[in-house]
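**Student:** what follows is a predicted protein model with its sequence.
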Amino acid sequence: MKALTRFAIKHRWWMIVGWIAAIALIQVLSSSAGGAKYKDDFKMPGTESQAAADLLTKANLAQQSNPTGTLVLHTKDRVLTSEPDDFVSKAKAAVCDVEEAHISTITTPWGSVACTPADGQGSPAPRPDLISPDKTTALVELVYNEPKPADTTPKVVYDHLKDLRSDTLQIEFTGDSFDSVDASTSALSPQVLGFIAAFIVLAIVFRTFVGTH
């Protein structure tokens, strides 16, 4: 053990380089093996759950279980009992014709639209219950047309709907699908920060900044 310690201290720079190379190699191998990427398989032939899913699909109701995103609308100078600035038609024009947005329905307190209406299924009804008691805040629900949208899809939706903000209408994006999509990102990736942290720890352990000779 003493011999290993002496070797590590004597060749401390090589040890640091070696550890950083090992961390980088582990990251590369993890990414090539799939990393955190995985596939969701909702097909379970012969089960009651699959039978229920097939029934929902046959009844054109399968999209009701798809992921959703929520817009929070707020205004200070008016009440939202009436539609602000033709919001429904503007929201429909913003995302319904954008294939990359993958939006199925837009449900608002003043009127809702089905971007991809199924046969025999009308447009969703208005939801006045989505207005707060003080009438200054309202919720708008977006439903995607697929059970597992791509990671980039919420950003596409955000980019097309953020322009509906105005001096009198504040719009915030919330829900799992919009998690951090409106937040500023760090200039350094987590991997780079990890390498820097590892370098600092190794430098302190081997005292390379103090005893370099």
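**Tutor:** Right, received. Where do you want to start? Residues are numbered from 1 along each chain as shown.

**Student:** which ones are touching N66?
**Tutor:** Shown in contact with N66 (C-beta atoms under 8 Å, 6 or more residues apart in numbering): 104, 143-147. Yep, even glycine has a C-beta here, placed from its N, CA and C like the rest.

**Student:** inside strands: which ones of the residues you listed?
**Tutor:** The strands, defined by DSSP state E, take in 104, 143-144 from the contacts of N66.

**Student:** what about the protein, any weak spots by pLDDT?
**Tutor:** Scanning the chain for pLDDT under 70 picks out 31-65, 117-124, 182-191, 195, 202-213.

**Student:** try 50 this time
**Tutor:** Residue ranges of the chain with pLDDT under 50: 38, 59-62, 119-120, 208-213.

**Student:** quick one: the helices in it?
**Tutor:** Assigned by DSSP state H, the helices in the chain fall at 2-10, 12-32, 48-58, 87-95, 153-161, 190-206.

**Student:** of these, which approaches R127 most closely?
**Tutor:** Nearest of these to R127, taken as C-beta to C-beta: helix 87-95 at 11.6 Å.

**Student:** may I see the buried residues of the closest one?
**Tutor:** Of the residues in helix 87-95, 87-88, 91-92, 94-95 count as buried by neighbour count, 16 or more other C-beta atoms under 10 Å.

**Student:** ok, residues contacting that helix?
**Tutor:** For helix 87-95, contacts defined as C-beta under 8 Å, 6+ apart pick out 73, 101, 103, 106, 108, 110-113, 115, 140, 142, 157, 160-161, 163-164, 169.

**Student:** among these, the buried ones, what's the PyMOL command?
**Tutor:** Isolation of the buried members of the contacts of helix 87-95 (16+ other C-beta under 10 Å) is achieved in PyMOL through the command below:
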select buried, resi 73+101+103+106+108+110+111+112+113+115+140+142+157+160+161+164+169
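
**Student:** inside strands: which ones of the contacts of helix 87-95?
**Tutor:** Checking the contacts of helix 87-95 against DSSP E, those in strands are 73, 103, 106, 113, 140, 142.

**Student:** sounds good, over and out.
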